[in-house]
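Student: Kindly generate the corresponding structure for this input.
(3 chains)
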Amino acid sequence: MTALLDIRNLRVRFGGFTAVDGVDLAVQPGELLGIVGESGSGKSVSMLAMMGLIDAPGVVSAEALRFDGHDLLGMRPADRRRVVGKDIAMVFQDALNSLNPSHTVGDQVREVLRVHLGLRGAALEARVLELFEQVEIPAPKTRLRAYPHQLSGGMNQRVMIAMAMACQPRLLIADEPTTALDVTIQAQVMDLLSRLQREQGLALVLITHDLAVMAEMAERCAHRVAVMYAGQVVERGQVDQLFSQPRHPYTAALLAALPERSAGQRRLAALPGIVPGQHDRPHGCLLAPRCPQVQPRCVAERPPLLDGVRCFFPLQATAP
Amino acid sequence: MFALLLKKLATLIPTLLGVTLVAFALIRLVPGDPIEVMVGERRLDPAAHAALMQQLGLDQPLAVQYGRYLAGLLQGDLGKSLVTREPVAAEFAMLFPATIELALAALLLALLIGLPLGIAAALKRGSWLDQAVMALATIGNSMPVFWWGLILIMFFSVGLQWTPVSGRIGIEYDITSVTGFMLIDSLLADLRGDESGAFVSACLHLVLPATVLGTIPMAVVARMTRSALLEVLREDYMRTARAKGLSPVRVVVHHGLRNALIPVVTVLGLQIGSLLGGAVLTETIFSWPGIGKWLIDAIARRDYPVVQAGILVSALIFIGVNLVVDVLYGVLNPRMRGR
Amino acid sequence: MNNAVPALGASPPGPGAEFLRAFAANRGALLAFFVFAAVVAGAVFAPWLAPHDPVQQFRDQLLAPPVWQVGGFASFPLGTDELGRCILSRLLFGARVSLWIGLSAVLLALVPGVVLGLLAAFHGRWLSPLIMRVMDILLALPGLLLAICVITILGPGLLNTVLAIAVGALPGMVRLVRGSALAELAKDYVTASRVAGAGTARLMFDTVLPNCLAPLIVNATLSFSSAILETAALGFLGLGVQAPQPEWGSMLSAARDYIERAPWVVTMPGLTILITVLAINLMGDGLRDALDPKLRTAS
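Tutor: The predicted structure is shown next:
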């Protein structure tokens, strides 16, 4: 089965700074892929680059950047605009700031339907209402006339999802969709996203820095996860595998840093040091300066992504 | 929204009263005997002095005088000119349209040139276009209006002989005043066939003063539009708009400008004030028969009732314009409308 | 595990050094500063730099062109006006007048402006609305008209010009200080001060005011350039500095009649005004950018 989204060797640079360093990702139709990583790991930038939302001075290059067989990189901007927002949609983190404050939420959803599907009049109104009901916005008719600042964070996030789902996309990218929300609302939005994914059969890419969110999603549906660090994918695998038997030291460190895992300790377990910046990017493995299992080979050479893990000395499964 | 308007009007009342108080006090603060100041004659004999005092109501307590002044204002009585002995209000009504025409033309120019330049500069930030626009805007902001007028006259009127030096229309034309707006009146006369070429003449007479008066607002609008648009372009919702696959034009106009122009509208209100002040200077240079020139002449001739009226009306206009801008801002910015 | 936190280098530069560096990086502002310094030098050293007495009329050389034109004299580098007075000398002495009026007006507005603004911020219940209403009344008359109003009452002249311009600059200062102070008052460090027992006066001047200085300085600079423009405008209208005292604006009012015959009488004073005001505005922009990046208007 050809991948719906095929990214090979994606590189994004801003001047001297490499934000995304040779990332390979593939998403099958109807699949759920999670991307986990801390701020600055390049998880958002990769997806923004794929959508064509990276501006100068950013430079995007890749061996392949294909959606449904079409080459996104070489596409003319006008053609890309026909795909983006329609077949590929994105939901952003801070819904209140991601919606235009001067237009009603109804108008903002109508806009997508008008531009991409050419809907007008009664058909347009019906579809907008339908979308609002689909994302479980109560009293949708009155909510259509509301402005973003009049709605709660959770409600705005639902509007964003409705806007993204408007043209029945084949791929939905959710960039930290729950980060700005209360925990109770988080669960609701997670429910909504997984339900939509099942019902519509759309591929969903869930980006988050919060492992707990990834775990919540795992409860609803088994899926693959890619762990990113400093612009590279360092580990790939099924979510439960990742949680129970992480093979990359960074994944292990992420898990170990969860507060639950430090119960009874005096300090939270954390890797020393910080993510490499522009001027101290290691020649060898990017985690080498901080890795507790570092070997001389790690400092000298860059490990390739082999069998789903980018490490010369992946962690072995602990004996049962 | 109506309630908002009423509330704003209510807060304005003290200011309005304050302004009338200032205008009222103006004549009485001028050094010298108020009667002589008001009547314009010196060394009146005691009998005439006493008679005038009673006639003008100056023997009454100040509060009563103020009350009568206010009452007169509400009826449209702005006093009588010391020089022409005519009611000030009538003279004012005759000259006012000329200033309005000039101010509107200047404002139009400021918007027609300032807005596109500001937008272009923001969209092409850092380019030579951006730097040129900013340089021109900075110079425009620092320009002494009256000197700029003289320079333009030097180039276009004296040097190139393209435009006239003064007045609203060539003296060879006799235009009946229908609306008071020379552009309209001359167009009407032109179309009727009486005075061919009148409209063109009126336009030529208007273009230089309007350009001079509009220069500072033009610079301010360009700068403001640029900075507002730059801020908006950085906002998250612009990224969302592009992620929706909208065309660049739609993104900039429907999403960007829709928000960026809000602060520009507020700035426009303040610019009207600058226009009123600038009108005084521009009309003086171009001998444009509006209330600005009238005011300056009145000061020179110590025609205090006229000065008083001029100051009062200018203040009222400015307050009125700012009220409109305030309301407009509330309409344009949904966040102000509240729940 | 080793602690890979890098050792800190030399201590970071203090705010003063930071400011100077940021200001100097702005080439426009730096150039403007030197131009302005030249103008100030011209004003200060006018009695020594000026080739002639500014009010002296040389009847033999009426409307002499500048030295680089045909018929110019070396003794009158920028030519003479319609009464035979040396333009360069008048410009130099005029600089004294303009700069002095501008500075005085701004200072005259600054002190009451700061006090009233702080009072309005600290005593919000009844004092603030009163002060702000009075400011609103002053603001009802746009700049030049307000100055004209004051001049009408007080009569023309140099001191009255200072007063007129100061009155016009006052409301802006009060609003600015009040706004800044209110924003600061909402912050936690002020509450902490209050809890520690700081009195109102100390709070006002010691705690809050220093943090409002940045916008205030920028506003003062821009008011300074406005003041110079207004002085010239009033001079042009005959309402400001009176003859025979040299003033850039009044030099232009008589010059209107000589646009054709002697254009230098028009261009020289105006160009001087433009350059001086431009220099101050650019400095103000540079100050704003250097003092507080948050104030930057997305440049």
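
Student: Any chance you could note which residues of the stretch 101-250 of chain B sit beside chain C?
Tutor: The stretch 101-250 of chain B has residues B:134, B:138-139, B:141-148, B:150-151, B:153-154, B:158, B:223, B:226-227, B:230-231, B:234 near chain C, with proximity defined as Cβ under 8 Å from any Cβ of the partner chain. C-beta here means a position set from N, CA and C on the backbone, and glycine is covered the same way.

Student: Just the buried residues of the residues you listed.
Tutor: Neighbour-count burial (16 or more other Cβ atoms under 10 Å in any protein chain shown) applied to those gives B:134, B:138, B:141-148, B:150-151, B:153-154, B:223, B:226-227, B:230.

Student: Name the helix or strand of the chain that has the lowest mean pLDDT.
Tutor: All of this is about chain A. Ranking every helix and strand in chain A by mean pLDDT, DSSP states H and E puts helix A:211-220 at the bottom, with a mean of 84.

Student: Wait, chain C was what I had in mind.
Tutor: Result, chain C / mean pLDDT, DSSP H and E: helix C:15-25, a mean of 69.

Student: helix or strand right after it?
Tutor: Per DSSP states H and E, helix C:15-25 leads on to helix C:27-44 as the next helix or strand towards the C-terminus.

Student: Determine the set of other helices and strands touching that next one.
Tutor: Here helix C:27-44 touches helix C:15-25, helix C:87-122, helix C:264-291, going by 3 or more Cβ pairs under 8 Å, 6 or more residues apart in numbering or on different chains; DSSP states H and E.

Student: relative orientation of the last one and helix C:87-122 in degrees?
Tutor: What it means is helix C:264-291. 40 degrees (axes from the mean of the first three to the mean of the last three Cα atoms, to 10 degrees).

Student: quick one, what contacts the residue nearest to the spatial centre of chain A?
Tutor: The C-alpha lying nearest the average C-alpha coordinate of chain A belongs to A:Ile207 (Cα atoms, centre = their mean; 2.5 Å). When the contact criterion is Cβ atoms under 8 Å, 6 or more residues apart in numbering or on different chains, the partners of A:Ile207 are A:34-35, A:43-44, A:47, A:173-176.

Student: ok, these vs C:Leu252, which is closest?
Tutor: Distances from those to C:Leu252 were compared by Cβ to Cβ; the smallest belongs to A:Ser44, at 59.6 Å.

Student: pretty sure that closest one is in a helix, no?
Tutor: Yes: secondary structure assignment (DSSP: H, G, I helix; E, B strand; the rest coil) places A:Ser44 inside a helix.

Student: which one is it nearest to, not counting chain neighbours?
Tutor: A:Asp175 (5.3 Å; Cβ to Cβ, 6 or more residues apart in numbering or on different chains).

Student: Kindly calculate the angle that the helix or strand containing C:Ser226 makes with helix C:87-122.
Tutor: Secondary-structure assignment from DSSP H and E places C:Ser226 in helix C:209-236. Calculated by the same axes, to 10 degrees, helix C:209-236 forms an angle of 140 degrees with helix C:87-122.

Student: for helix C:209-236, the distance to its chain's centre please.
Tutor: Distance of helix C:209-236 from the chain centroid (Cα atoms, centre = their mean, to the nearest Å) equals 4 Å.

Student: send the alpha carbons of the next helix or strand after that helix over as CSV?
Tutor: Beyond helix C:209-236 on the C-terminal side, the first helix or strand identified by DSSP H and E is helix C:248-255. Listed in CSV are the C-alpha atoms of helix C:248-255, where the atom choice follows Å, rounded to 0.1, in the frame of the first residue of the first chain:
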residue,chain,number,x,y,z
TRP,C,248,13.4,80.4,11.4
GLY,C,249,9.7,80.6,10.9
SER,C,250,9.3,84.3,10.8
MET,C,251,12.2,84.4,8.3
LEU,C,252,9.8,82.5,6.0
SER,C,253,6.8,84.7,6.4
ALA,C,254,8.4,87.7,4.7
ALA,C,255,10.1,85.4,2.2
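
Student: mind listing what's buried in the helix or strand encompassing A:Asp191?
Tutor: Secondary structure assignment for A:Asp191, by DSSP H and E: helix A:183-200. By neighbour count with 16+ other Cβ under 10 Å, helix A:183-200 contains the buried residues A:185-186, A:188-190, A:192-194, A:196-197, A:200.

Student: what's the closest of those to C:Ala105?
Tutor: A:Ile185 (56.8 Å).

Student: Who's the closest spatial neighbour of that closest one, skipping the chain neighbours?
Tutor: By the measure of Cβ to Cβ, 6+ apart, the closest residue to A:Ile185 outside its immediate chain neighbours is A:Gly154, 3.8 Å from it.

Student: Tell me if I am right that that neighbour is in a helix.
Tutor: Yes: A:Gly154 sits within a helix when classified using three-state DSSP.

Student: correct me, but it touches A:Ala187?
Tutor: No: no contact is recorded between A:Gly154 and A:Ala187 when judged using Cβ atoms under 8 Å, the distance being 10.5 Å.

Student: who touches both of the two?
Tutor: The contact lists of A:Gly154 and A:Ala187 share no entry, where a contact means Cβ under 8 Å, 6+ apart.

Student: Looking at the stretch 51-200 of chain B, which residue is nearest chain A?
Tutor: Nearest residue of the stretch 51-200 of chain B to chain A (Cβ to the nearest Cβ) works out as B:Gly126 at 10.3 Å.

Student: So for that residue, what's the pLDDT?
Tutor: The score at B:Gly126 is 82. That number is its pLDDT.

Student: For the residue in the stretch 101-250 of chain B that chain C sits nearest to, which non-adjacent residue is closest in space?
Tutor: At 3.2 Å from chain C, B:Trp147 is the closest residue in the stretch 101-250 of chain B, using Cβ to the nearest Cβ. Leaving aside its sequence neighbours, B:Trp147 sits nearest to C:Gly270 (Cβ to Cβ, 6+ apart; 3.2 Å).
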